[in-house]
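J.: Sequence and predicted structure are below.
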Protein chains: 2
Amino acid sequence: MIRQVEVGLNAVIVAVTEEAPRVLTVRSGAGVPALPFGPLDPDGDRTLELGLRRWVREQTGIGLGYVEQLYTFGDRDRDAAGADRRVLSVGYLALVREEAAETSAAAEWMDVYAFLPWEDLRDGGPSHRLEGALQAWLAGIPGRSARTVQADRIAINFGLEGAAWDGYRVLERYELLYEAGLVEEAVRDRGAAAAAECRLGRGMAQDHRRILATALGRLRGKLKYRPVVFELVPETFTLYQLQRVVESLAGVRLHKQNFRRLVEKGGLVEGTGRIHRETGGRPAELFRFRREVLKERPTPGVGLPGARA
Amino acid sequence: MIRQVEVGLNAVIVAVTEEAPRVLTVRSGAGVPALPFGPLDPDGDRTLELGLRRWVREQTGIGLGYVEQLYTFGDRDRDAAGADRRVLSVGYLALVREEAAETSAAAEWMDVYAFLPWEDLRDGGPSHRLEGALQAWLAGIPGRSARTVQADRIAINFGLEGAAWDGYRVLERYELLYEAGLVEEAVRDRGAAAAAECRLGRGMAQDHRRILATALGRLRGKLKYRPVVFELVPETFTLYQLQRVVESLAGVRLHKQNFRRLVEKGGLVEGTGRIHRETGGRPAELFRFRREVLKERPTPGVGLPGARA
DNA sequence: TCCGTTATTCTCAGATCGAGCATAAAGGAT
DNA sequence: ATCCTTTATGCTCGATCTGAGAATAACGGA
């Protein structure tokens, strides 16, 4: 009989370095990567977000800037199976700039796509290995109508059979792979039965990969209509630097000239007149975020149009 | 000293009847409208959402269809000030069809815009009363730079001074009005000092109006890229009925011919061939939702373009 | 039969979007 | 100096989408 509910706060702290989105991880007891976690002090923390900022500062020394609540995870079995306590976790997404992303002893920055490799389409579409594994799972489903339902789900979420790839459905894709037994956590949580030959991406502790997927999906969505990229880049940047940050988050390549048009004509950035010479070719102008855009347009963001091969 | 955290589930249950969005309310101890609330059974409810569905069914008899988690509210003072317990509330948005929206003894359907009247722009823009009250608050802020910050915030959120009205910023607007002391809850929570002559909209218990604002903002946002409207209309409908439901949620008028083009050419609906004669003029064709659109387009929704006067 | 009302079809101009061509400005090799 | 490679930047073109409104169709009632 469980009466007590404990509340914890999970942080998905994201930075972008070297054309890859990184997430701050710690090690769980078993050495498996985990998201930083801290308890809520019901007495001292006036709000959940302040509590999160407090223990992130205490544990890692990072003073968070942009913070946003993601989702509250509360499935009964999300901790160890059969535990006699119930832990609710409120997940948060935080964005920090590359400069602030120094490595400390306890925490490590890891590539987001190490955990969700199928989300990075920058070189090539979904791998044949992935599609094959999904088809194999599909073939094993009993019942014709059930099979059709799942086939549709696969097509919609993975952009197969003529459907378009939707970058925002990160969580849906992870959950589909979980159900199909294609990620490590499924094997761990449900005994062993699942497709053992195919473990996509690196596993995380508990349901942290689910939280990470939620964060990536939310971040991709928000890129479109809020100027959140600028939380991840330095004060000044070249347009191509900015583009690479967007591309790394979106997991797709963008058309260079159109990206420039979008952010420049859209009033999102303004030139500083200063020049950056280390580009390898013609020097590039340095730009900065143009705050006034918030007053001009209701949804200022960098739309993620079609992908580029 | 608070050690214990209690977890509750709040439901914003929305239906649309007679061109107005309605929310299911109960009465708090003091007779103030409140959102339905139920505790989480940490032992019996396998997931939070299942717990919500359980007690909504038990209390109101309504079997919820579309349910989506909104946000977790956990400020220390959200309950009565100085309480010796801390109550976390996970808010959910649920959509039900008009037919299912029968009144029961304990619960009452109320117009959403009774609580958030400034969100309904269908006849005319924000009232002069609202603008005047905001200007009065602004004038009372000490410090020039602080005043500029708040002036910008007002302009951005309420679409003044050339900024465009953004239908999704429902929560930001409510919180601004709260800070400005223009809603009842501000007066209640912070003693009395605030602008007593202007109480915009009807108050709700605790922070429920904040939760309602979150729900409306989320719903408006989701209309654009997911076919959620169809959770609110009958199986078959005329295009103008559909349009009025969208308009009531968005709080703005839409161009009739363009709306038709959007949903018809966009593949969201298909004609049934059947005719509806009670329109007052020429009979209208009945349409139904076209499920196949999910496989065709990544983000099938009814975009909310510019408002119509 | 005329009129008011609502439904439905078309048109048209402006904005946006995807894609590609062309030119500019650097460094390095010959 | 000349050519080549590389990256930056500017411009064009057609397809598509959007906002706005004209024009026509089909009902009920005066």
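T.: Structure's in. What do you need?

J.: okay, A:Ala307: pLDDT?
T.: With respect to pLDDT, A:Ala307 has a value of 38.

J.: sorry, that was for A:Gln4
T.: 72.

J.: okay, now it: neighbour count?
T.: 13 (other C-beta atoms under 10 Å in any protein chain shown). C-beta: built from backbone N, CA, C; applies to glycine.

J.: for it, what are its contacts?
T.: A:Gln4 makes contact with A:Arg85, A:Arg86, B:Gln4, B:Pro42, according to C-beta atoms under 8 Å, 6 or more residues apart in numbering or on different chains.

J.: OK, contacts around the nearest residue to A:Glu184 once chain neighbours are set aside?
T.: Excluding the flanking residues, the one nearest A:Glu184 by C-beta to C-beta, 6 or more residues apart in numbering or on different chains is A:Gly203, at 3.5 Å. Listed by C-beta under 8 Å, 6+ apart, the contact set of A:Gly203 reads A:Val32, A:Pro33, A:Phe115, A:Val183, A:Glu184, A:Glu185, A:Arg188, A:Arg209.

J.: Could you do A:Leu48 as well?
T.: So A:Leu48 contacts A:Leu9, A:Leu40, A:Gln69, A:Val90, B:Thr72, B:Gly74, B:Asp75 (C-beta under 8 Å, 6+ apart).

J.: Checking the last one next. Helix, strand or coil?
T.: For B:Asp75, the reduced secondary structure class is coil; criterion used: DSSP: H, G, I helix; E, B strand; the rest coil.

J.: repeat for A:Met110
T.: strand.

J.: gap between it and A:Leu212?
T.: 10 Å (C-beta to C-beta, to the nearest Å).

J.: Mutual contacts of these two, please.
T.: Joint contacts of A:Met110 and A:Leu212 (C-beta under 8 Å, 6+ apart) are A:Val23.

J.: Out of these two, name the residue with the larger neighbour count.
T.: A:Leu212 (27 against 17).

J.: Quick check: the more buried one is in a strand.
T.: No - counting by three-state DSSP, A:Leu212 is located in no strand; its state is helix.

J.: OK, contacts around the residue nearest to A:Asp111 when sequence neighbours are not counted?
T.: Leaving aside its sequence neighbours, A:Asp111 sits nearest to A:Ala20 (C-beta to C-beta, 6+ apart; 4.9 Å). If a contact means C-beta under 8 Å, 6+ apart, then A:Ala20 has A:Asp111, A:Val112, A:Tyr113, A:Ser248 as its contacts.

J.: in a strand, that's where the third one is, yeah?
T.: Okay, so that is A:Tyr113. No - read with three-state DSSP, A:Tyr113 is helix and lies in no strand.

J.: Next, count neighbours for it.
T.: 19.

J.: contacting residues around it?
T.: So A:Tyr113 contacts A:Ala20, A:Pro21, A:Glu119, A:Asp120, A:Gly251 (C-beta under 8 Å, 6+ apart).

J.: quick one: which of these is nearest B:Ala151?
T.: Closest approach to B:Ala151 among the contacts of A:Tyr113 (C-beta to C-beta): A:Pro21, at 36.1 Å.

J.: Helix or strand: which one has the closest one?
T.: Here A:Pro21, judged by DSSP states H and E, is contained in strand A:20-27.

J.: Only the buried residues of that strand, if you could.
T.: The neighbour-count check on strand A:20-27 (16 or more other C-beta atoms under 10 Å in any protein chain shown) flags A:Ala20, A:Pro21, A:Arg22, A:Val23, A:Leu24, A:Thr25, A:Val26 as buried.

J.: what does stretch A:289-296 give?
T.: Buried-residue list, stretch A:289-296, by 16+ other C-beta under 10 Å: A:Phe289, A:Arg290, A:Val293, A:Leu294, A:Lys295.

J.: How about stretch A:123-139?
T.: For stretch A:123-139, by 16+ other C-beta under 10 Å, it's A:Pro126, A:Leu130, A:Ala133, A:Leu134, A:Trp137, A:Leu138.

J.: Helix or strand next in line after the helix or strand harbouring the second one, which one?
T.: Assignment of secondary structure by DSSP H and E places A:Leu130 within helix A:128-139. Heading C-terminal from helix A:128-139, the first helix or strand you meet, by DSSP H and E, is helix A:144-158.

J.: could you say what helices and strands that next one packs with?
T.: Applying 3 or more C-beta pairs under 8 Å, 6 or more residues apart in numbering or on different chains; DSSP states H and E, we find helix A:144-158 packed against helix A:128-139, helix A:170-179, helix B:293-296.

J.: what's the closest of these to DNA strand D?
T.: helix B:293-296 (11.3 Å; C-beta to the nearest atom of the strand).

J.: Keeping just the C-alphas, turn the closest one into CSV.
T.: Taking C-alpha atoms only, helix B:293-296 is exported to CSV below (Å, rounded to 0.1, in the frame of the first residue of the first chain):
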residue,chain,number,x,y,z
VAL,B,293,-5.3,13.5,-43.6
LEU,B,294,-3.1,12.3,-40.8
LYS,B,295,-1.2,10.2,-43.2
GLU,B,296,-0.9,12.9,-45.8
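
J.: does it come close to DNA strand D?
T.: No - using C-beta under 7 Å from any atom of the strand, helix B:293-296 never reaches DNA strand D; the gap is at least 11.3 Å.
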